[in-house]
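Colleague: I'd like to go over a predicted model; first the sequence, then the structure.
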Amino acid sequence: MKAVRIHEFGGAENLRIDEIDKPTPGADEVLIKTAAAGINFADTMLRQNKYLFSPELPFTLGFEVAGTIEAVGEGVKHLQTGQRVLATIRGGGYAEYAVANASTVVPIPEKLDFGEATALLIQGLTAIGLLVDLKAGQTILIHAAAGGVGTLLVQLAKRRGATVIGTASNEEKLQKVVALGADFAINYTDTDWTEQVLEATGNNGVEVIIEMVGGEVGRQNLKILAIGGTLHVYGAASGEDFQISALGVLFNMHTVKGYNLNREKPENLVKYTGELMALIDEDLLQISVTEFPLEKAADAHKAIESRKTTGKVVLTNA
């Protein structure tokens, strides 16, 4: 079967199409014929060996897949061949077939296609997890609001009664953010973007910030966070870290929280999945997907890194 692998760390050109053996499901596993494999910004960082862990090479990227079950392993009772499902896996998604532990596999509602379902898995669960403490009437700033997580955050935050400020890097993306329900849309590449945010809040600052850019944008966030406000960090798309002053946090009574979906409690993931599916059943969420064929994985990575995509980016396998 075809699989997109890296044999050495580096640029997108290091993504290579290899012919490898088709996997076989073990006990409590299922074999999925991949129709869509999700791409996350974390994939681009892992490809460069800048992520939270370093995989053994050669490595097939891809941690979320949607497709049809082709075979089930011993002990799998609640799933069957031919079933449309999505799953989280420990790598191997950029391929024609992937193996997943049955406990991570979720049936796909009929109204969703494979790409849309993939958008809900990582991005949707992350969005709900980030907004657990959001209260009606609060002001929230969502960075990269036109991205896979951002588009869902905007919609979910508005449903919870918040005033939403979304940032993006160009006019087309800003228009999308507004169309999704944001009250304000601001270009974070503008030199005065922080002043624009403060103006939108009547100079009171933002009560909640959802941060995933890092670097200079990350450093500027605390300047616009209201007294007693909370900064949630769930990524660093710029690839750069930023420092936080403990005394500054003390003085302004700020709270800084990290969010890592991989460390979320299993019972919460089940709960969040139920919330997402309920919203989908009632047609209350717009899902935005950008598709690339499996063979164009390098182009997909380049598009994400150059901020040319909106919504969820997936690789499709015909």
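Modeller: Looks like it arrived, so ask away.

Colleague: and the strands in the stretch 151-300 of the chain, which stretches?
Modeller: Secondary structure of the stretch 151-300 of the chain (DSSP state E, counting those that start in this stretch): strands at 163-168, 184-187, 206-211, 225-233, 255-258, 289-293.

Colleague: average pLDDT for the fifth one?
Modeller: Per-region confidence: strand 255-258 scores 97 on mean pLDDT.

Colleague: try the third one
Modeller: Per-residue pLDDT values over strand 206-211 give a mean of 98.

Colleague: contacting residues around that strand?
Modeller: Residues external to strand 206-211 that are found in contact with it (C-beta atoms under 8 Å, 6 or more residues apart in numbering): 130, 134, 138-143, 153, 162, 165, 197, 217-218, 221, 224-226, 228-235. (C-beta placed from N, C-alpha, C; glycine too.)

Colleague: for ChimeraX, what selects the buried ones among those?
Modeller: In ChimeraX, a selection of the buried entries from these looks like this (16 or more other C-beta atoms under 10 Å):
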select :130,134,138,139,140,141,142,143,153,162,165,197,217,218,221,224,225,226,229,230,231,232,233,234,235
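
Colleague: okay, now the domains of this structure?
Modeller: Here the domain parsing of the chain from automatic domain parsing is 2-112+288-316, 125-262.

Colleague: with distance to Leu276 added, can I get those domains in CSV?
Modeller: Below are the domains of the chain laid out as CSV (distance: least, C-beta to C-beta, whole Å):
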stretch, distance to Leu276
domain 2-112+288-316, 10
domain 125-262, 7
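
Colleague: figure out which of these is closest to Leu279.
Modeller: Among those, the nearest to Leu279 by C-beta to C-beta is domain 125-262 (8.2 Å).

Colleague: so what's the gap between that closest one and the chain middle?
Modeller: Centre-to-centre, domain 125-262 and its host chain are 15 Å apart (C-alpha atoms, centre = their mean, to the nearest Å).

Colleague: repeat that for stretch 280-294.
Modeller: When distances are taken as C-alpha atoms, centre = their mean, stretch 280-294 is centred 13 Å away from the chain's centroid.

Colleague: returning to that earlier point: so which of the domains of the chain gets nearest Glu275?
Modeller: domain 125-262 (5.8 Å).

Colleague: pull up the distance across that closest one, start to finish.
Modeller: One end of domain 125-262 sits 11 Å from the other (C-alpha to C-alpha, to the nearest Å).

Colleague: same thing with stretch 256-264?
Modeller: Criterion C-alpha to C-alpha; first-to-last residue distance in stretch 256-264 is 17 Å.

Colleague: identify all contacting residues around that stretch.
Modeller: Contacts for stretch 256-264 (C-beta under 8 Å, 6+ apart): 122, 125-126, 129-130, 230-234, 244, 249, 272.

Colleague: before we move on, the earlier item: would JSON lines of the strands of the stretch 151-300 of the chain with distance to Ala102 be doable?
Modeller: Below are these laid out as JSON lines (distance: least, C-beta to C-beta, whole Å):
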{"stretch": "strand 163-168", "distance to Ala102": "37"}
{"stretch": "strand 184-187", "distance to Ala102": "42"}
{"stretch": "strand 206-211", "distance to Ala102": "32"}
{"stretch": "strand 225-233", "distance to Ala102": "32"}
{"stretch": "strand 255-258", "distance to Ala102": "30"}
{"stretch": "strand 289-293", "distance to Ala102": "26"}
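
Colleague: which SSE is immediately downstream of the lengthiest strand in the chain?
Modeller: Among the segments of the chain that qualify as a strand by DSSP state E, the longest is strand 29-39. Counting by DSSP states H and E, the next helix or strand C-terminal to strand 29-39 is helix 41-47.

Colleague: now for the protein, the helix or strand with the poorest mean pLDDT.
Modeller: Sorting the helices and strands of the chain by mean pLDDT, DSSP states H and E puts helix 266-281 at the bottom, at a mean of 87.

Colleague: just the buried positions in it, please.
Modeller: Buried, per 16+ other C-beta under 10 Å, within helix 266-281: 269, 272-273, 276-277, 279-280.

Colleague: rewinding a little: the strands of the stretch 151-300 of the chain: which one's closest to Asp113?
Modeller: strand 289-293 (8.3 Å).
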